[in-house]
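# Structure for the following, please:
(chains A and B)
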2 protein chains.
Amino acid sequence: MKDDTTHFALDALRAFITDALARLSLGEAHIPAVADTLLAGERDGGGSHGLFRLIMVARSIRAGQVNTNATPVARDIAPALVRVEAGGGFAPLAFRTGLPILVEKARACGIAALAVNDCAHFAALWPEVEAVARHGLVGLACTPSHAWVAPAGGRKPLFGTNPIAFGWPRPGKDPFVFDFATSAAARGEIELHRRAGKPLPEGWGIDSGGSPTTSPEAVLAGAMLPFGGHKGSNIAAMIELIAGPMIGDMTSAESLAMDGGAATAPRGGELILAIDPVRFAGEKAADRAQAAEALFQAITDQGARLPSLRRYAARRRSMTEGVEVPSRLIADIEALIG
Amino acid sequence: MKDDTTHFALDALRAFITDALARLSLGEAHIPAVADTLLAGERDGGGSHGLFRLIMVARSIRAGQVNTNATPVARDIAPALVRVEAGGGFAPLAFRTGLPILVEKARACGIAALAVNDCAHFAALWPEVEAVARHGLVGLACTPSHAWVAPAGGRKPLFGTNPIAFGWPRPGKDPFVFDFATSAAARGEIELHRRAGKPLPEGWGIDSGGSPTTSPEAVLAGAMLPFGGHKGSNIAAMIELIAGPMIGDMTSAESLAMDGGAATAPRGGELILAIDPVRFAGEKAADRAQAAEALFQAITDQGARLPSLRRYAARRRSMTEGVEVPSRLIADIEALIG
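Numbering: from 1, shown residues only, chains lettered A, B, ... in the order given. Next up is the predicted model:
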């Protein structure tokens, strides 16, 4: 244990999180799903998607913007579509409710989609696509968030940070997984620069007049920018549409309006696709799975990284050695929850 | 008519293209599909995806790498999947063969996918997603190409320029459509810089040693780079996987190996998804379609562009005024086809 961190074995950290959620009066059915999600984030590298997110969870519950006792209801709305009405509760239990149906439908139809509607998001999307990929299916997930990001060429916040995640099953190996925000940087990274009094890299955001700036304060009051210029902006727009209006749910602007400045978890929908490569590739499936392996090999052979390897390495380390959590974060959580 | 351009009414240009394809001995069933695709590209803005592509079409036929008389065969491989075996022919006829089945399956199942396998690509992808969107469905299309693009952090060509296209149906309006290569720039743009003796913008490519360069020659001998750094590279990898191995088809590296330096059209598969927003959003569909319209309005209100508006404006102009084609391009085509 270092001075400024507190060591937890994973079981102990799960107990700490579970206790905190119980003290927050989160419904019994939701506690394991939310705890597993927070624990997985901390286990796989921590930072902004680990235990830190317990603060957003607590704030959302305290603000009364989350239904702590919502019972997710799955509806079979078409042969290849399942909708889970989350009833204003946190997303993880709703996703767990829909996953087995999504998997069954993908196997039966070849491709299927799960919409989680009216849920509160506080986590990364990789747990969803990794879960899909561990069933041998290709997974794609996305969600709007709060309207913080200006479209390329624009001046005002409109899109969410709109993450997209993708999972590819690998025979005998951990799935290939990526998960990233379609903003140039995460909002949390901008806040970290603000706290540290450091200027931002160029291209992260604009001020409220629409001019490029490296001031974290100016960007937080102005707008973040999408990654990759007009192309990234188009991807962000697509996510806004397909995980918002297409599934009968809110845009990021509507989510932020509902938040009303309370800094709660973004509210709205999430879209998860699952595709069965065996149904698609047929007798070529095994050979083509090897073609994908050759692609991964060619990536790492030239010194580039597979996006998921760092996460899996952190996971293996955490499972044997536990995790080091900033002691100040523990204190902040204790102070907040009381 | 200007000195260096030749004016064509659209009907006359179609006749010119049709005649050229017949002289190239392209099979009768393929001629209208290929001609419509080339004509649509010229009509909607021309440039590298218009009549210019007739040169790639001619080269592919002359090299014997395209089956000019292939009959696409549609196979119903799962309730929500249709495969069209293109038999080594050009993609447009294969897509036309699969589209009605894709639409029917998307309406029946909520989501469906079309794989076009073993086809030769020479065109943009927006015609596919626009066609899907004009059926009231959300469309997504992607394809590998030739291995010209290094993964972010890498040094060697591996991914194709891997375009992605998206279409969203708008009530009473032209669909919202985008279509872009996941490379930082199109290969054609790099060749244009080379011909003009102009340096490239930074970030477009690396030399054969893996170092950043603005020399078009060095990039053409080295590797192009993906758009948007690691995030864009991940999107390119996803397209490589889902429109290659997932559908039982080739990667961009396998396609380039098959080309063997003949500069023919990339060979392989194409994936098109179609989703029925009415099945998904249910009774909220009309209200949510309006939420999407509000998003588009908020984009244009702040001075940003919708990606498809320029194309539709060019189309309307071309339909009344015809198009101006570089006379040298006409001469090049005549010389090539003879």
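
# Near A:Ile55, how many other residues are there?
Other residues near A:Ile55 number 16, with proximity taken as other Cβ atoms under 10 Å in any protein chain shown. Every residue, glycine included, has its C-beta placed from N, CA and C.

# Contact partners for the residue nearest in space to the middle of chain A?
With distances taken as Cα atoms, centre = their mean, the residue of chain A nearest its centroid is A:Ala124 (2.0 Å). Under the criterion of Cβ atoms under 8 Å, 6 or more residues apart in numbering or on different chains, the neighbours of A:Ala124 are A:Gly41, A:His49, A:Pro163, A:Ala165, A:Asp179.

# Excluding chain neighbours, what is closest to the closest residue to chain B within the stretch 201-338 of chain A?
Nearest residue of the stretch 201-338 of chain A to chain B (Cβ to the nearest Cβ) works out as A:Gly228 at 2.6 Å. Leaving aside its sequence neighbours, A:Gly228 sits nearest to B:Gly228 (Cβ to Cβ, 6 or more residues apart in numbering or on different chains; 2.6 Å).

# For the one you found, grab the count of nearby residues.
Around B:Gly228 there are 25 other residues, counting by other Cβ under 10 Å.

# Could you report the distance from it to B:Ser145?
Separation of B:Gly228 from B:Ser145 (Cβ to Cβ, to the nearest Å): 18 Å.

# now A:Ala298
Distance, A:Ala298 to B:Ser145, by Cβ to Cβ: 16 Å.

# Give the other helices and strands that the longest helix anywhere in chain A contacts.
Among the segments of chain A that qualify as a helix by DSSP state H, the longest is helix A:91-109. The contact analysis (3 or more Cβ pairs under 8 Å, 6 or more residues apart in numbering or on different chains; DSSP states H and E) places helix A:91-109 against helix A:30-43, strand A:73-78, strand A:81-85, strand A:111-120, helix A:126-133, strand A:267-275.

# can you state the direction angle for it and strand B:73-78?
Counting by axes from the mean of the first three to the mean of the last three Cα atoms, to 10 degrees, helix A:91-109 points 130 degrees away from the direction of strand B:73-78.

# orientation of helix A:91-109 relative to helix A:126-133 in degrees?
30 degrees.

# Adding mean pLDDT and distance to B:Arg315, write the helices and strands packed on helix A:91-109 out as CSV.
Converted to CSV, the helices and strands packed on helix A:91-109 look like this (pLDDT from 0 to 100; distance: least, Cβ to Cβ, whole Å):
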stretch, mean pLDDT, distance to B:Arg315
helix A:30-43, 97, 47
strand A:73-78, 98, 34
strand A:81-85, 98, 33
strand A:111-120, 97, 32
helix A:126-133, 97, 38
strand A:267-275, 95, 31
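
# As CSV, these with mean neighbour count and distance to A:Met250 would be great.
Compiled in CSV, the helices and strands packed on helix A:91-109 are given as follows (neighbours: other Cβ atoms under 10 Å in any protein chain shown; distance: least, Cβ to Cβ, whole Å):
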stretch, mean neighbour count, distance to A:Met250
helix A:30-43, 22, 21
strand A:73-78, 16, 18
strand A:81-85, 25, 14
strand A:111-120, 27, 9
helix A:126-133, 26, 19
strand A:267-275, 27, 4
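
# want to try CSV for those, with distance to chain B as columns?
Shown next, in CSV, are the helices and strands packed on helix A:91-109 (distance: least, Cβ to the nearest Cβ, whole Å):
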stretch, distance to chain B
helix A:30-43, 19
strand A:73-78, 3
strand A:81-85, 4
strand A:111-120, 5
helix A:126-133, 11
strand A:267-275, 7
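
# ok, so what distance separates A:Glu128 from A:Phe122?
Distance from A:Glu128 to A:Phe122, by Cβ to Cβ: 13 Å.

# on that earlier part again, neighbour count: A:Ala298 and B:Ser145, which is higher?
Per other Cβ under 10 Å, whichever of A:Ala298 and B:Ser145 has more neighbours is B:Ser145, with 26 against 19.

# before we move on, the earlier item: just the ones of the contacts of A:Ala124 in helices?
The helices, defined by DSSP H, take in A:Gly41 from those.

# Relative to chain B, how far out is A:Leu21?
Distance of A:Leu21 to chain B, computed by Cβ to the nearest Cβ, to the nearest Å: 32 Å.

# Identify the residues contacting that residue.
Here A:Leu21 is in contact with A:His30, A:Ile31, A:Val34, A:Ala35, A:Val57 (criterion: Cβ under 8 Å, 6+ apart).

# Recalculate using a threshold of 10 Å.
A:27-28, A:30-32, A:34-35, A:38, A:54, A:57-58, A:61, A:68, A:90, A:337 (Cβ atoms under 10 Å, 6 or more residues apart in numbering or on different chains).

# Show me which of those residues is closest to B:Glu324.
Nearest to B:Glu324, judged by Cβ to Cβ, of those is A:Phe90 at 58.3 Å.

# count of neighbours near A:Arg23?
A:Arg23 - counted by other Cβ under 10 Å - has 12 other residues nearby.

# one step back: what pLDDT does the residue nearest to the centre of chain A get?
Listed pLDDT for A:Ala124 reads 91.

# Can you classify it by secondary structure?
coil (DSSP: H, G, I helix; E, B strand; the rest coil).

# So it versus A:His193, what's the distance?
Separation of A:Ala124 from A:His193 (Cβ to Cβ): 21 Å.

# What is the neighbour count of A:Leu309?
Per other Cβ under 10 Å, the neighbour tally for A:Leu309 reads 14.
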